[in-house]
Each structure stands twice: as structure tokens, then as C-alpha cells.
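Participant: turn this into a model:
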Amino acid sequence: MRDRNYREFLNKLVSLKKLKDKSGEEIVEEIASNLYEGENYLIFQEEYFYKIPEQIRDVILLINFDTELAMEGILGFLENSSGVYLNDTIETLEKIKAEQDHNILNNIKHILDENNISTSQLRANTKDQELYSIQGFSETHGSAYDDMADRICEIAEKLYISSEDRNIFDYLILYVDKNKSLLITELNK
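Facilitator: Numbers count the residues shown, from 1 in each chain. Sure, this is the predicted structure:
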């Protein structure tokens, strides 16, 4: 990606000119409102994803994580394209100091590892589904995964999305505020 295209691409997510005047909350909100617009879906392709600044990548990971959890639950997150970034999401939760959710998602990763299952394998199983079809986890992956899925769902019930006193976006906003100057420096390279 040429430098000019790269900056245009990032500018579609968050206005780079006004970045220094925005709060962490405004930055997160702007990225959230633009993330799924137009060609911004390309950001999830590995060739682009790891080229964007770390702080923007972290915001994207958590917006995507939250969206998947709200729409399809933890199993949907793990088997969808967002789940491919499970390790990155775990690292981001650690960076923003969302310790409980970091530990919970890390425990879920350990359950997958114990069963020799990767999110890429789960994703591959969904490739045979018809577009817009609705299938349960067991129908998609087979009943052999039922016990694992039950354990994952039980642990996931403790995630922030089910908590009244915890919100990962509070941590994320603090993280963005704290690292905004680092982001601006990285963008000006």
C-alpha cells in the first residue's frame, strides 16, 4: 500500500488532521462509526491490519470483539473472522488493563488449545454454510465440540458484556487518551 493510499485509508477511519484535538472517547467513537463503512472492511485483511498503528488496531480489535459478542456470543466471535485475531484481542485486553476480561478470554483460549482447536479451524468449518443460513455451533462443527463449547460459554458468562460494573470501553478510552501522543508520533513518521 503506497503511503498516500495508506493515509487516505486511515483517514476514512479517523480524521488524522483533528486527532490531537480529540479525546480518547471521540477517537473510539469515530473509529466505531466508520469501521464498517464502504471499503473499510479491507482493514481486516492481514496485509493491511498489521500495518496500521497499534493503538488504532487495538481500538478495532475491541470494537469487533464487542460487536461479535453482542450479535453472536462468544462462539460466534471464535468462529467468525474476528476470532482469527483472538491472540491479538487477548493482548489488547492486557494492554488496556482489563484484567478480568483478559483472564477470561485467555482461559477460553486454553480450552481451545486443550482440545487442539484453533479459531482458524472453526472459521474453516463455517465456509460450507450457505449465505445467510442460521446454524448452531453443534450443527456447524459437530457434536464432538459440544462439551468444549459448553465450557467456553460457561466461562464467557463472566465477560464484561454480562457485567453491570465493568465495561472494556472505559479501559480502552483511558488507554487511547494515555497513548494519543504515541499514536500521533507514529502517524507522522
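Participant: which stretches of this structure form helices?
Facilitator: Here the chain has its helices, by DSSP state H, at 3-13, 24-34, 46-49, 54-79, 86-95, 99-114, 119-126, 137-141, 146-156, 168-187.
Participant: and those helices, which one's lowest on average pLDDT?
Facilitator: Mean pLDDT per stretch puts helix 137-141 lowest among the helices of the chain, at a mean of 54.
Participant: pull the number of nearby residues for Ser118.
Facilitator: By other CB atoms under 10 Å, 16 other residues sit near Ser118. Glycine gets a C-beta too; all of them are placed from N, C-alpha and C.
Participant: report the separation between it and Glu79.
Facilitator: 11 Å (CB to CB, to the nearest Å).
Participant: now the helices of the chain in TSV, with mean neighbour count?
Facilitator: Shown next, in TSV, are the helices of the chain (neighbours: other CB atoms under 10 Å):
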stretch	mean neighbour count
helix 3-13	14
helix 24-34	18
helix 46-49	12
helix 54-79	20
helix 86-95	19
helix 99-114	16
helix 119-126	16
helix 137-141	17
helix 146-156	15
helix 168-187	17
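Participant: turn these into CSV, including distance to Asn40.
Facilitator: As requested, these are exported to CSV (distance: least, CB to CB, whole Å):
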stretch, distance to Asn40
helix 3-13, 6
helix 24-34, 6
helix 46-49, 10
helix 54-79, 10
helix 86-95, 18
helix 99-114, 25
helix 119-126, 21
helix 137-141, 27
helix 146-156, 28
helix 168-187, 17
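Participant: closest one to Ser162 among those?
Facilitator: In terms of CB to CB, the element of the helices of the chain nearest to Ser162 is helix 146-156, at 8.2 Å.
Participant: counting by contacts, list what the closest one packs against.
Facilitator: Under the contact criterion of 3 or more CB pairs under 8 Å, 6 or more residues apart in numbering; DSSP states H and E, helix 146-156 touches helix 54-79, helix 99-114, helix 137-141.
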